[in-house]
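Engineer: Test case, fold it:
(one chain, ligands or ions: 1)
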Amino acid sequence: MADFAKERDWDQFHSPRNLLLAMVGEVGELSEIFQWKGEVPRGLPDWKGEEKEHLGEELSDVLLYLVRLSDVCGVDLGKAAMRKLEINAIKYPVKLCKGSSEKKTPINAGSGASGGGVTGSIYSNSSTSNSNGV
Ligand SMILES: Nc1ccn([C@H]2C[C@H](O)[C@@H](COP(=O)(O)OP(=O)(O)OP(=O)(O)O)O2)c(=O)n1
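Structural biologist: This is a model prediction of the structure:
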């Protein structure tokens, strides 16, 4: 994406805000594909080849803008995502969460923004407490 933009002298347009808005626009296009279809089974067995190809294109647009946004913000997305996976694993321990999609929120989590304050197994149901302690 960096090469793609540079070759076209498009760095001037690829500001963080522009890229974020472009990505959200592509999320809208992705949503349109599923719009009015109701729930669809995993693997999309009834979809035509061209519909799946279109889906792949819109998914790619979202991914490409996300990667580019991370890059221009100076975020190593690969590293950040691996770290977030580790945070998620601590926040949602298998023994507490297996078979349940209920959101678990640590009690007295403080700021809570990046998984900070996730400690031990002192969890409450998010319907009674969120990460802001409200
Ligand atoms: N200033 C731009 C414009 C486009 N792209 C790249 C990133 C996306 O992968 C793709 C988006 O192109 P379009 O805006 O033409 O969007 P679509 O491909 O979805 O076409 P359309 O909106 O006509 O369906 O091109 C980019 O990096 N920077």
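Engineer: and this structure, what are its domains?
Structural biologist: Here the chain is described, according to automatic domain parsing, as comprising the domains 2-75, 93-125.
Engineer: Worst mean pLDDT among those domains?
Structural biologist: Across the domains of the chain, domain 93-125 has the smallest mean pLDDT, namely a mean of 60.
Engineer: does residue 100 sit in a helix, a strand or a coil?
Structural biologist: Residue 100 falls in the coil class when you classify it by DSSP: H, G, I helix; E, B strand; the rest coil.
Engineer: Neighbours of it, how many?
Structural biologist: 9 (other Cβ atoms under 10 Å). C-beta here means a position set from N, CA and C on the backbone, and glycine is covered the same way.
Engineer: For the strand or helix carrying residue 23, which helices and strands make contact with it?
Structural biologist: Under the criterion of DSSP states H and E, residue 23 resides in helix 16-34. Secondary-structure packing of helix 16-34 (3 or more Cβ pairs under 8 Å, 6 or more residues apart in numbering; DSSP states H and E): helix 49-72.
Engineer: which secondary structure elements does the helix it packs on contact?
Structural biologist: helix 2-7, helix 16-34, helix 77-91.
Engineer: Pick the most deeply packed of the ones you listed.
Structural biologist: The highest average neighbour count among the helices and strands packed on helix 49-72, using mean count of other Cβ atoms under 10 Å, belongs to helix 16-34 at a mean of 14.
Engineer: Thanks again, I'm all set now.
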